[in-house]
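Engineer: Could you work out the structure for the sequence below:
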Amino acid sequence: MSFITAATVTTADLGELISGSAKIKEIAIGLGATDVRGSQMVMGGDQAGLVQVQFDCPDINTALGVWEGLYQTSEQIDLMKRSGTQLVRRSLLRVVAERGERSGSWGSGLLISGDSVDDATIDSNIGDAWANMSAGATGMLFAETIAAGATQNVAPYYALTWCDDMNLMMQASATNMADPKVQANMAAANATVMGRIIGKTIL
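Structural biologist: Model prediction:
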């Protein structure tokens, strides 16, 4: 089991934010994070243009400690000031099942509503989906929202996918959604896709 804590921000100077990210990643890993990624949302309604930074953490205490530790450093505060970055929201997700790698030039996030399903079933379902998605994706995971504010009531689950070619990924996604086994899995969980966000990897 692992967790992802994500900060969604606005920034006036994306280049400055990216240039200072290596030091922030170094500090975060020193605080217990296992990896750090960043993307700018390109498509996603009112979220287009926002930047999201994700920190992979082994447990909730580490995720909380990463944020506490970062805001006690001058590097984090100075970078936010220099780049004109402001926090919009912060969230915490539990990774339930995963295939492939969390890497790629692009990322896609599906917001999903549905019933509570046990981890073993979700892992099996992700295996069925990955049989289709692997044709166009480098990795995918399914996560349960632990803390995300009001959106948690609308879409308590996220399906995150990474790829290097969005055309291939969307073709694989269409094949996946047309798969009778995947359709049956979604129906059994009363799962409904509520929206999609597409982001470009920036760090």
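Engineer: I'd like the next helix or strand past the least confident helix or strand in the chain by mean pLDDT.
Structural biologist: Least confident helix or strand, the chain: helix 151-154 with a mean of 73, by mean pLDDT, DSSP states H and E. Next helix or strand after helix 151-154 toward the C-terminus (DSSP states H and E): strand 157-163.
Engineer: now for that following strand, which elements pack on it?
Structural biologist: strand 106-113, strand 139-147, helix 166-178 (3 or more Cβ pairs under 8 Å, 6 or more residues apart in numbering; DSSP states H and E). All C-beta spots, glycine's among them, are computed from the backbone N, C-alpha and C.
Engineer: which residues are contacting it?
Structural biologist: 93, 100-114, 133, 136-145, 169, 173, 191, 201 (Cβ atoms under 8 Å, 6 or more residues apart in numbering).
Engineer: what's the answer for stretch 11-28, then?
Structural biologist: 36, 38, 40, 51, 53, 55, 66, 69-70, 73, 75-76, 79, 82-86, 202-203.
Engineer: Can you turn the buried subset of those residues into a selection I can paste into PyMOL?
Structural biologist: In PyMOL, this line selects whichever of the contacts of stretch 11-28 come out buried by 16 or more other Cβ atoms under 10 Å:
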select buried, resi 36+38+40+51+53+55+66+69+70+76+79+83+85+202+203
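Engineer: Filter the contacts of stretch 11-28 down to the ones in helices?
Structural biologist: Val66, Gly69, Leu70, Glu75, Gln76, Leu79, Arg82, Ser83 (DSSP state H).
Engineer: follow-up on the earlier one: in TSV: the helices and strands packed on strand 157-163, plus distance to Thr11 and mean neighbour count.
Structural biologist: Putting those into TSV (distance: least, Cβ to Cβ, whole Å; neighbours: other Cβ atoms under 10 Å) gives the following:
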stretch	distance to Thr11	mean neighbour count
strand 106-113	18	20
strand 139-147	23	20
helix 166-178	23	16
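Engineer: Export these to JSON lines and append columns for distance to Gly45 and mean pLDDT.
Structural biologist: Output for the helices and strands packed on strand 157-163, formatted as JSON lines (distance: least, Cβ to Cβ, whole Å; pLDDT from 0 to 100):
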{"stretch": "strand 106-113", "distance to Gly45": "11", "mean pLDDT": "96"}
{"stretch": "strand 139-147", "distance to Gly45": "19", "mean pLDDT": "97"}
{"stretch": "helix 166-178", "distance to Gly45": "17", "mean pLDDT": "98"}
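Engineer: Adding distance to Asp119, write those out as a markdown table.
Structural biologist: Formatted as a markdown table, those follow (distance: least, Cβ to Cβ, whole Å):
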| stretch | distance to Asp119 |
| --- | --- |
| strand 106-113 | 16 |
| strand 139-147 | 9 |
| helix 166-178 | 21 |
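Engineer: Check the separation of the first and last residues in stretch 135-155.
Structural biologist: 27 Å (Cα to Cα, to the nearest Å).
Engineer: Just give me the neighbour total for the closest residue to Thr73 other than its chain neighbours.
Structural biologist: Distance criterion Cβ to Cβ, 6 or more residues apart in numbering; nearest residue to Thr73, sequence neighbours excluded, is Ile27 at 5.8 Å. Neighbour count for Ile27, taken as other Cβ atoms under 10 Å: 18.
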